[in-house]
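Enquirer: the sequence and its predicted three-dimensional model are supplied below.
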Amino acid sequence: MSTEKPVTANPWAHLRSHTPARIALGRAGPSLPTREVLAFGVAHARARDAVHLALDADALEAQLRVDGYASARVQSAAPDRATYLARPDLGRRLGEQSAGRLIPKDDPPDIVVAIEDGLSAVAVQKHAVPLLSALRAIAPQRWAGLTVVIAQQGRVALGDEIGERLGARLVVVMIGERPGLSSPDSLGIYLTHAPRIGRTDAERNCISNIRPEGLAYADAAARLDWLAAAALGRGVTGIALKDESSAPALE
Amino acid sequence: MGYAHTVGGATWRFADLKDLLAKATPSRSGDFLAGIAATSAEQRMAARMALAETPLARFLDEAVVPYEDDEVTRLILDTHDRQAFAPIAHLTVGDFRDWLLSDDTGTPEFGSLAPGVTPEMAAAVSKLMRNQDLIVVAKKCRVTTKFRNTQGLPGRLGIRLQPNHPTDDAKGIAASMLDGLLYGCGDAVIGINPASDGLPAFMNLWRMMDEIIRRFGIPTQSCVLTHVTNQIRGIEAGAPVDLVFQSVGGTQKTNESFGIDLALLTEAREAALSLKRGTLGDNVMYFETGQGSALSANAHHGVDQQTLEARAYGVARHFKPLLANSVVGFIGPEYLYDGKQIIRAGLEDHFCGKLLGVPLGVDVCYTNHAEADQDDMDTLLTLLGVAGVTFVMGVPGSDDVMLNYQSTSFHDALYLRNVLGLKRAPEFEAWLEKMQLIGPDGRLLPHSGTNRLLSAANALAAP
């Protein structure tokens, strides 16, 4: 029997400072060392739990009120999480009782923000309000005092119906992304110009992985503000609108 | 035209070919979501029996998506090769299954058959096949492609190195790239799914991968998996683009939802070919597909998701890709509910792709909202290895920190090579040996401090 250690370590573990990816794990034969199998198992367990946690809409509404946002609350046509997971079509439409809660104003807003639980209520709970603060810091004229809608059991396309009902020129959906092992709390943003039921994903722009360990609030806010201004200025979103926020300014 | 079958005194009727296919398909959540699945197990078997008696030639007369409405249908029927079809033209779907499995049908027969098989024929026969049938027939098919190395040779398995980073940090991506290369992975392609959405960011990614590939003389190819229009713009701006990527679907409307059509794919392929960057061959495209994409885009025309997936391979093969990848467990539980459905779909996709002449790899994967785990992935990975899958993904520790799902890891590649004796692309295997990362037996060598790649890793960490 060999007296060698059964685990082969990888001498590049120092590269982990550059990425949250699971690199330099070492190996036991062709497989993972026991330590890593267990670490992975714990992360998977947390992500599974995150999918099933419910959004605390009361707490979110209170936080928004402190920051000067009035919010309406709606629910998609999916009554519960189990239905939501199996029936994305229901998550894209407002529930019957919710539709009547969105009453268009005489002077329709340029931008409506829809905050939706999606697949991680934790992400929305943590990041939606700080992101709005970062947006106000950049461009208060665009982001202060907006119409905000809190939606539960919502998919991205639910924002189309919300925006259409309120007559918005642009809907900004902030939604909990599918939890990853290393990121159970990642927020995604989808912008859709002239929202109406039936818009396709090619007509949206997306910013993903918003959380302090991923895309920081300030950076996400800068990109979102650039895209929102460009979308309103040019009257498009989607593949016709490229994110050039980090490009050098052209004369 | 209607179809019917009588089982035990009860007669089951099916409105048309697409209804028959939908009712015959193995049970899965996406077809229930679309409202087209069989409503009982017996109805499903009656549909399979009616399908078994349906002549293959029928598929040339009855399109599941109307010819006049859909350019994918037109592509499939207009490019169908009657001469290649001749050896099977007299068969029913049931007879076709026997023919495929027959000892007399070997790799040479499959080579000339592919242009004669339509995606709908491949999907239909797969619905009559058990998992072991899907494996044994796929193993007989050979699809070989080339860019800077050779993919699809027998006894070989490629790995797409997928070094994603949540913010596209260059050092973070490089760290995962080096991790994968040091584990002997990356021959199929080094492909990044970018987190950002702008040409300046993509240019950096193309240049960074190109620099590493050239610096170490790696016989592989790179790809930035962004929308095809971005890649055309990149090529125009002088980016070193190896493979052009695009997600494709099985209907015109699905492709419209991706913001593409066949003309745009033609333009993209020509742009990539114009760079002449392949040293061994000119397979310049990389496609991704997945059951459920058409339904997700509300573009399914009442056709079951597995048949539409096969039609996506019909799109892919027209553009002679180096690689095509079914992201089988990625789209979510509303389409493939659990490990059992993901495993079945992975084997169907691989079989249909190979039968159609497409170099199919599979992203053996699952999301955290699906009823699946690592054990299910081990099962599918092993079955696909036995079936001769062209390539699978290599993600550090199975955890994609940008796309938020679990795929196969560099360790999984070692496992599959270990139990099945699978080698890498020959050019890449030779490079790894030259770099003293593997021995003549293909196994990883202990890491020596003087190794060039390891030195690069150390340099990367320096401030």
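Expert: Received it, and whenever you're ready, just let me know what you need.

Enquirer: in the stretch 1-150 of chain B, where is pLDDT below threshold?
Expert: Where the stretch 1-150 of chain B drops to pLDDT under 70, the residues are B:1.

Enquirer: which residue ranges form the strands in it?
Expert: Taking DSSP state E, counting those that start in this stretch as the criterion, the stretch 1-150 of chain B contains strands spanning B:3-7, B:10-14, B:145-146, B:150-151.

Enquirer: what strands line up against the second one, and which way round?
Expert: For strand B:10-14, the paired strands and their directions (DSSP bridges) read strand B:3-7 (antiparallel).

Enquirer: mind listing what's buried in the partner strand?
Expert: Taking 16 or more other C-beta atoms under 10 Å in any protein chain shown as the neighbour-count basis, strand B:3-7 is seen to contain the buried residues B:3, B:5. Glycine gets a C-beta too; all of them are placed from N, C-alpha and C.

Enquirer: please apply the same query to stretch B:18-35.
Expert: Taking 16+ other C-beta under 10 Å as the neighbour-count basis, stretch B:18-35 is seen to contain the buried residues B:18-26, B:28-34.

Enquirer: can you check stretch A:46-56 too?
Expert: For stretch A:46-56, the neighbour count (16+ other C-beta under 10 Å) marks A:47, A:48, A:50, A:51, A:53, A:55 as buried.

Enquirer: residue contacts, the residue in the stretch 301-450 of chain B positioned nearest to chain A?
Expert: When distances are taken as C-beta to the nearest C-beta, the stretch 301-450 of chain B reaches nearest to chain A at residue B:397, 2.5 Å away. Taking C-beta atoms under 8 Å, 6 or more residues apart in numbering or on different chains as the contact definition, residue B:397 lies against A:21, A:22, A:23, A:25, A:32, A:36, A:40, B:409, B:411.

Enquirer: how near is it to residue A:40?
Expert: Residue B:397 sits 7 Å away from residue A:40, taking C-beta to C-beta, to the nearest Å as the criterion.

Enquirer: quick one: least confident helix or strand in chain A?
Expert: In chain A, no helix or strand scores lower on mean pLDDT, DSSP states H and E than helix A:81-86, which sits at a mean of 88.

Enquirer: helices or strands up against the helix or strand that that one is followed by?
Expert: Per DSSP states H and E, the first helix or strand lying C-terminal to helix A:81-86 is helix A:88-91. Using 3 or more C-beta pairs under 8 Å, 6 or more residues apart in numbering or on different chains; DSSP states H and E as the contact criterion, the secondary-structure elements in contact with helix A:88-91 are helix A:81-86.

Enquirer: Three-state assignment for the residue in the stretch 151-251 of chain A that chain B sits nearest to, please.
Expert: Across the stretch 151-251 of chain A, the shortest distance to chain B (C-beta to the nearest C-beta) belongs to residue A:180, at 3.1 Å. With DSSP: H, G, I helix; E, B strand; the rest coil as the basis, the three-state label of residue A:180 is coil.

Enquirer: and the helices in the stretch 151-251 of chain A?
Expert: With DSSP state H, counting those that start in this stretch, the ranges of helices along the stretch 151-251 of chain A come out as A:158-166, A:217-234.

Enquirer: if we can go back for a sec, please enumerate the shared neighbours of residue B:397 and residue A:40.
Expert: A:22, A:32.

Enquirer: just to revisit the earlier point, next up, phi/psi of the residue of the stretch 301-450 of chain B closest to chain A, please.
Expert: Recorded main-chain torsions at residue B:397 are phi 60, psi 20, according to degrees, to the nearest 10.

Enquirer: the nearest residue to it once chain neighbours are set aside is in what secondary structure piece?
Expert: For residue B:397, the nearest residue in space outside its immediate sequence neighbours is residue A:22; the separation is 2.5 Å by C-beta to C-beta, 6 or more residues apart in numbering or on different chains. In this assignment (DSSP H and E), residue A:22 forms part of neither any helix nor any strand.
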